[in-house]
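In: coords please:
(one chain, ligands or ions: 1)
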Amino acid sequence: MDIGGASSVFSYHRGMLQDRARVDAYRAAIHALVRPGDIVLDIGTGTGLLSYFACQAGARRVYAIEAAPVIALARELAQANGLADRITFVPGSSLDVTLPERADVLITETLWNFGVGEGMIGFVEDARRRLLQPGARILPGSVDLHLTLIQHPELHDLLTRTPEDRHGLDFSAMRGYAVNQVLTPRVDPKHFLTAPARLLSIRLDEPARPDFGARVALRAERAGRADGIAGWFEAELAPGITIGNAPPAEGSSWAHALFPIERPIPIEAGGEAEVAVHTASNGAVWRWSVEASGAKVDQTSFFGFPHDSELHRRRAGTAKLRRGPRGEAMLFVLNSFDGETSLEEVTQRVEASFGDVFRQDGSAGLFVRNVAETYGAAKD
Ligand SMILES: C[S@@+](CC[C@H](N)C(=O)[O-])C[C@H]1O[C@@H](n2cnc3c(N)ncnc32)[C@H](O)[C@@H]1O
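Out: Predicted coordinates:
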């Protein structure tokens, strides 16, 4: 039994704690950058690991922010390690929290397989404006994005093979979406077709834009066909202390990023390929293109899933909406949070008023608890 995804939370964080290169590099960098008496901000504290290192390095106070329920585990671990009095755990996204003082140092390990694709630039920028002292030290200071073309026919076949003709049914429409999705397999250097190159370098200790990308020329080291672009990162945590996942990255908690090429491109040994990768909104959407041997592909993760026009109609800036049945129920629940009425009573009232919305036993209670968790505040 996996209550609330607990076992996946454990295996996710256990994998990161067991990644010695990651843990040791972060520890060394924190000891290099955090000075005794510092106020430290740890964005995405997870099990609290980096906050504990900051305390060991002499931090006077650490604000440890975490959006996921793992923060409860971090609180317990801080107690067990005698550090609870120096760490203030703050649940929620860093973008939503406010703190009583600005920090001297920001530490964060929210690196994605291809570096900064999971919103890091955006929330570091937000922290710089609202939560940090001017000139605060930021760890990591920079992230370099590297890439190469790979030949990996098995992976490509796996993507493009769809159960087309089974039982007279046609699933071929899935193929066009599958090849426009960014994947995260582990890449072996034996699949490299071109010599790797650095696409770009992003400094986090300076204002950075959430839309970034670049173009790079790659040279084929052998003849073959380009099936995809593989990407990885190298981050400088502190001067001279780096961490990365260059393939094969055995034992690393990071895999790699793969941008598939819909129609593989043959390349001669020594042939040149122009490769461009861009992202909009911090990794929310990716666009990649490859030009080689007179052929060109230009793809985007925007085409990685069918466009839901009804959903987009509701999201459009011009949309004029009324509340749907669940919206009414949400409003009812929020209005019932008056500091007097118990969740049990709220649930009973929701069951009585919204029987058409919550038909399954227990579903009204679950809805109320979820609203309470996200939008409720305990009475002082
Ligand atoms: C890769 S884990 C690292 C955990 C821990 N710092 C470590 O080094 O073991 C990243 C964590 O950051 C959290 N996270 C990501 N972005 C966040 C944000 N903007 N605010 C709060 N938590 C965030 C995720 O929920 C996740 O638990």
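In: ok, the closest residue to the ligand within the stretch 251-380 of the chain - how many residues close by?
Out: Residue nearest to the ligand within the stretch 251-380 of the chain (C-beta to the nearest ligand atom): S253, separated by 8.0 Å. Glycine gets a C-beta too; all of them are placed from N, C-alpha and C. For S253, the count of nearby residues is 18 (other C-beta atoms under 10 Å).
In: so it touches D19, yeah?
Out: Yes: the pair S253 / D19 is scored as a contact, 3.9 Å apart, by C-beta atoms under 8 Å.
In: confidence score at L158?
Out: Per-residue confidence at L158 stands at 83 (pLDDT).
In: Would it be right to say that it lies in a helix?
Out: Yes: counting by DSSP: H, G, I helix; E, B strand; the rest coil, L158 is found in a helix.
In: and it, how many residues sit next to it?
Out: By the criterion of other C-beta under 10 Å, L158 has 12 neighbours.
In: which residues sit in contact with R35?
Out: R35 is in contact with A57, G58, D104, counting by C-beta atoms under 8 Å, 6 or more residues apart in numbering.
In: quick one: low-confidence ranges for this protein?
Out: Applying pLDDT under 70 to the chain flags residues 1-4, 162-165.
In: one more time with 80, if that's ok
Out: Filtered on pLDDT under 80, the chain yields the residue ranges 1-6, 161-166, 210, 281-282, 379-380.
In: Output the set of residues of it in proximity to the ligand.
Out: Contact residues (C-beta under 6 Å from any ligand atom) of the chain with the ligand: 16, 43-47, 49-50, 65-68, 70, 93-95, 109-110, 123.
In: Which elements pack onto the helix or strand containing E236?
Out: Using DSSP states H and E, E236 sits in strand 224-238. Here strand 224-238 touches helix 20-33, strand 142-150, helix 153-160, strand 241-244, strand 257-267, strand 272-280, strand 285-292, going by 3 or more C-beta pairs under 8 Å, 6 or more residues apart in numbering; DSSP states H and E.
In: May I have the fourth one as PDB, with CA atoms only?
Out: The C-alpha coordinates for strand 241-244 follow below in PDB (Å, rounded to 0.1, in the frame of the first residue of the first chain):
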ATOM      1  CA  ILE A 241      33.100  23.100  -7.100                       C
ATOM      2  CA  THR A 242      31.000  21.700  -9.900                       C
ATOM      3  CA  ILE A 243      28.300  19.000 -10.300                       C
ATOM      4  CA  GLY A 244      26.900  17.600 -13.500                       C
END
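In: just how off-centre is that strand within its chain?
Out: Relative to its chain's centre, strand 241-244 lies at 19 Å (C-alpha atoms, centre = their mean, to the nearest Å).
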